[in-house]
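In: The sequence and its predicted three-dimensional model are supplied below.
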Amino acid sequence: MNKFIQDLPKAELHLHIEGTLEPEMMFELAQRNNIDLPYKSVSEVKEAYNFEDLQSFLDIYYQGSQVLQQEQDFYDLTWAYLQKANRQNVRHTEIFFDPQSHTDRGIEFTTVYQGIYRALQDGKTQLGISSQLILSFLRHLSAEQAFATLEQALAYRDTIVAVGLDSAEQNNPPSKFKEVFDKAQAEGFLTVAHAGEEGPPEYIWEAINLLNVSRIDHGVRSLEDPKLLDYLVDRQVPLTVCPLSNVELKVFDSMTEHNLKQLLDLGICATVNSDDPAYFGGYIAENYQAAQAALDLSKQELYQLAKNSFQASFLPSESKHRLISELDDYLETAKL
Ligand code: HPA
Ligand code: ZN
């Protein structure tokens, strides 16, 4: 089954590029940029990755991001991710970046953007992986700060497909960002938002009704609200589920408790993604594998998850169809 999963053509739709910073690269970049890390070794870093909840992760994640300083650092980070994704047959990826966690430290928006974007272009030409960029606002910061970030992004409007919302969910509801999301849509950006990870189903409703999102990131707490489930099924609003993240951040006590299979059984367009793979113990294939093993997912269900990932992407419909036929061919061959 692991080989079937590894080679399954798939799209990744929920991946924070800063969350792909492996401890080894953290040390390399700290040295390159003359930064003191609060850790002595890679194993000490890994020991610190023992999270109680979202906030305890975010503290360490923002601290780790500080080693990213130069355009080349952002390039190297993104390129390393793309090579891993390529080995797991990711055919298309939609990547979040958190400009505010860099601009707040004095790094120029352009430095961050150019490094990531250049690697994505190389990913396309050298690895055949298509990609889109999603600018994510930090919801623990103010709406005014999000507006300022949006202003900086306007120069890159043609290569940033959407805006999103991440960071500490509790007490930072989607409604806080309604105006800035209105402005982003007026400028032509699509919208997504993290909702229903730690926050209640009402935050998912707000993301839908106030932010007009095309997808919900996480959304696993939708299972608590039958009306919301009906809505998500009827409209086929995709959920970008991140199984290892949810277990590491104690959204579920264990993988066997995860509701991914229930969501699929209900007919929700659920997808599997890695969120912050360097922090949560695995890239996209490991996420499929962990969920498959704990929930006893069949090849047909794994196929459905991969198909949903293409369907839920922001690709034009011709590209979706091409990738779904590649997936269909793969399933045919795998049956032989
Ligand atoms: N939730 C909220 N903010 C984040 C996450 C997440 O899973 N990953 C990186 N920033
Ligand atoms: Zn996330």
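Out: Good, I have the coordinates. Ligands and ions are numbered 1, 2, ... in the order given.
In: immediately after the helix or strand bottoming out on mean pLDDT in the chain, which helix or strand?
Out: For the chain, scoring each helix and strand by mean pLDDT, DSSP states H and E identifies helix 42-48 as the least confident one, at a mean of 94. From helix 42-48 onward toward the C-terminus, using DSSP states H and E, the following helix or strand is helix 54-65.
In: about what we covered before: determine the set of other helices and strands touching the least confident helix or strand of the chain.
Out: Under the contact criterion of 3 or more C-beta pairs under 8 Å, 6 or more residues apart in numbering; DSSP states H and E, the helices and strands touching helix 42-48 comprise helix 23-32. Yep, even glycine has a C-beta here, placed from its N, CA and C like the rest.
In: What residues sit buried inside the least confident helix or strand of the chain?
Out: Applying a neighbour-count criterion of 16 or more other C-beta atoms under 10 Å, one finds 45, 48 buried in helix 42-48.
In: what sits up against it?
Out: Taking C-beta atoms under 8 Å, 6 or more residues apart in numbering as the criterion, the residues outside helix 42-48 that touch it are 23, 24, 26, 27, 37, 39, 60.
In: for it, the distance to its chain's centre please.
Out: Its chain's average C-alpha position is 23 Å from that of helix 42-48, according to C-alpha atoms, centre = their mean, to the nearest Å.
In: Could you do stretch 4-17 as well?
Out: Distance of stretch 4-17 from the chain centroid (C-alpha atoms, centre = their mean) equals 11 Å.
In: Dump the C-alpha coordinates for the least confident helix or strand of the chain into CSV.
Out: Taking C-alpha atoms only, helix 42-48 is exported to CSV below (Å, rounded to 0.1, in the frame of the first residue of the first chain):
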residue,chain,number,x,y,z
VAL,A,42,19.4,18.6,15.4
SER,A,43,18.3,16.0,18.0
GLU,A,44,17.7,18.8,20.5
VAL,A,45,15.5,20.6,18.0
LYS,A,46,13.5,17.4,17.4
GLU,A,47,13.0,17.0,21.2
ALA,A,48,11.4,20.5,21.3
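In: Any idea how many residues pack against residue 144?
Out: Other residues near residue 144 number 10, with proximity taken as other C-beta atoms under 10 Å.
In: check which helix or strand covers it.
Out: Short version: residue 144 belongs to helix 143-153, going by DSSP H and E.
In: What helices and strands are in contact with whichever helix or strand comes after that helix?
Out: In the C-terminal direction, the helix or strand that comes right after helix 143-153 (DSSP H and E) is strand 162-166. Helices and strands in packing contact with strand 162-166 are listed as strand 90-97, strand 130-138, strand 190-195; criterion 3+ C-beta pairs under 8 Å, 6+ apart.
In: and if we set it to 7 Å?
Out: strand 130-138, strand 190-195 (3 or more C-beta pairs under 7 Å, 6 or more residues apart in numbering; DSSP states H and E).
In: Could you tell me which strands sit next to it in the sheet, and their orientation?
Out: Based on DSSP bridges, the pairing partners of strand 162-166 within the sheet are strand 130-138 (parallel), strand 190-195 (parallel).
In: Now do the same contact list for residue 217.
Out: When contacts are counted by C-beta atoms under 7 Å, 6 or more residues apart in numbering, residue 217 is found next to 14, 164, 192, 193, 194, 240.
In: go with 10 Å
Out: Listed by C-beta atoms under 10 Å, 6 or more residues apart in numbering, the contact partners of residue 217 are 13-14, 96, 134, 136, 164-166, 192-197, 207, 238-242, 273, 275.
In: now it: how far from residue 162?
Out: 11 Å (C-beta to C-beta, to the nearest Å).
In: Check the offset of the helix holding residue 144 from the chain's centre.
Out: Using C-alpha atoms, centre = their mean, the distance from the centre of helix 143-153 to the centre of the chain it belongs to is 21 Å.
In: who's in contact with it?
Out: In this structure, residues lying in contact with helix 143-153 by C-beta under 10 Å, 6+ apart are 98-100, 103-104, 108-110, 112-113, 133, 135-139, 141-142, 159-160, 163, 165, 175-181, 183-184, 187, 189.
In: Using CSV, write out every CA atom in the helix or strand where residue 115 lies.
Out: With elements delineated by DSSP H and E, residue 115 resides in helix 109-122, which encompasses its position. Extracted as CSV, the C-alpha positions of helix 109-122 are listed here (Å, rounded to 0.1, in the frame of the first residue of the first chain):
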residue,chain,number,x,y,z
PHE,A,109,8.3,41.2,1.0
THR,A,110,10.1,41.0,-2.4
THR,A,111,13.0,39.0,-0.9
VAL,A,112,10.6,36.4,0.4
TYR,A,113,8.4,36.3,-2.7
GLN,A,114,11.3,36.2,-5.3
GLY,A,115,13.1,33.3,-3.5
ILE,A,116,9.9,31.2,-3.4
TYR,A,117,8.7,32.1,-6.8
ARG,A,118,12.1,31.4,-8.5
ALA,A,119,12.1,27.9,-7.0
LEU,A,120,8.5,27.3,-8.1
GLN,A,121,9.4,28.2,-11.6
ASP,A,122,12.3,25.7,-11.5
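In: Can you point out the buried residues in that helix?
Out: Within helix 109-122, the residues that count as buried by 16+ other C-beta under 10 Å are 109, 111, 112, 113, 114, 115, 116, 117, 118, 119, 120.
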